[in-house]
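Trainee: What shape does this take:
(one chain, ligands or ions: 2)
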Amino acid sequence: MQTNPKDDIQGLIYRPEYFQRDAQKSLLEQIRAVVEQAPLFQPVMPKTGKPFSVKMSNCGPLGWVSDIDGYRYQPTHPVTRLPWPDMPDMLLDLWQELAPAAPAPEACLINFYEPGARMGLHQDRDERNFDAPVVSVSLGDTATFRVGGLKRKDPTKSFRLQSGDVVVLGGEARLAFHGIDRILKDTSTLLKNGGRINLTLRRVNPV
Ligand code: MD3
Ligand code: FE
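Mentor: Ligands and ions are numbered 1, 2, ... in the order given. Here you go, the predicted model:
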């Protein structure tokens, strides 16, 4: 019998179909409202200025941005200069249920993948608090997700993230290398024009 790759990564909790279709639709509506106030922007790599294939926005008190000067969290949108919109209650409730011991999330990064977009293997270490987990929600087309260990060269495992799936990355998984290899076209009807949205809820500052 084969073991499930998700089951042997310490600190990774996988909750397939956490959000049912109706909940996915209302969450999507709320994310659309956020993106109307805080339009998707195209981040670029520090130093090189090479654009990401993923477009981004944020909600909550802080948002993650990447530009020529570096990666950081900041309280305002890089283009409009306005504060990020509030985090929808559904996301605050999700955090409360899955990370009850952690202080409130400060940032929700919204990643938008068109078919063909990808995210290279990386660690999430721009936060000043690694005790709190990262909570991830997937909406729309299925993605092939890759997760490894604490070193870039550690072996990796792949699995698929589908619309409505939630992953909690705590403990040892919090600083694991991870990335998105590809978006599988036409695997969901949630987004009219296809593509995938990923939301990551994060605590940035120590309490
Ligand atoms: C594993 N996002 O925004 S979410 C990111 O699907 C990011 O858009 C991916 O990696 C996406 O930084 C993956 C799942 C995820 C999020 C954070 C993690 C996996 C993680 C942190 C540590 C280990
Ligand atoms: Fe990440």
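Trainee: hey, let's count contacts and neighbours off CA atoms from now on
Mentor: Will do.
Trainee: those strands in the chain, which residues are they?
Mentor: In the chain, strands defined by DSSP state E lie at 12-15, 55-59, 63-67, 70-74, 107-113, 119-122, 134-140, 143-147, 157-161, 166-169, 178-183, 196-202, listed in chain order.
Trainee: The fourth one: how far from the chain's middle?
Mentor: Shown here is strand 70-74, whose average C-alpha point lies 16 Å from the average C-alpha point of the whole chain (CA atoms, centre = their mean, to the nearest Å).
Trainee: and if you look at stretch 163-175?
Mentor: Centroid separation for stretch 163-175 versus its chain: 10 Å, with CA atoms, centre = their mean.
Trainee: anything in that stretch near ligand 1?
Mentor: Yes. Applying CA under 6 Å from any ligand atom, one finds stretch 163-175 in contact with ligand 1 at 169, 173, 174, 175.
Trainee: Please list all residues in contact with the last one.
Mentor: Shown here is residue 175, whose contacts under the criterion CA atoms under 8 Å, 6 or more residues apart in numbering are 123, 124, 125, 130, 149, 150.
Trainee: just these now: which is nearest residue 200?
Mentor: residue 124 (10.7 Å; CA to CA).
Trainee: Excluding chain neighbours, what is closest to the closest one?
Mentor: What sits nearest to residue 124 in space, not counting adjacent residues and going by CA to CA, 6 or more residues apart in numbering, is residue 175, at 6.4 Å.
Trainee: From residue 136, how far off is that neighbour?
Mentor: Spatial separation of residue 175 from residue 136 under the definition CA to CA, to the nearest Å is 14 Å.
Trainee: Contact distance from ligand 1 - what residues of the protein qualify?
Mentor: The chain comes close to ligand 1 at residues 111, 124, 134, 136, 169, 173-180, 198, 200, as judged by CA under 6 Å from any ligand atom.
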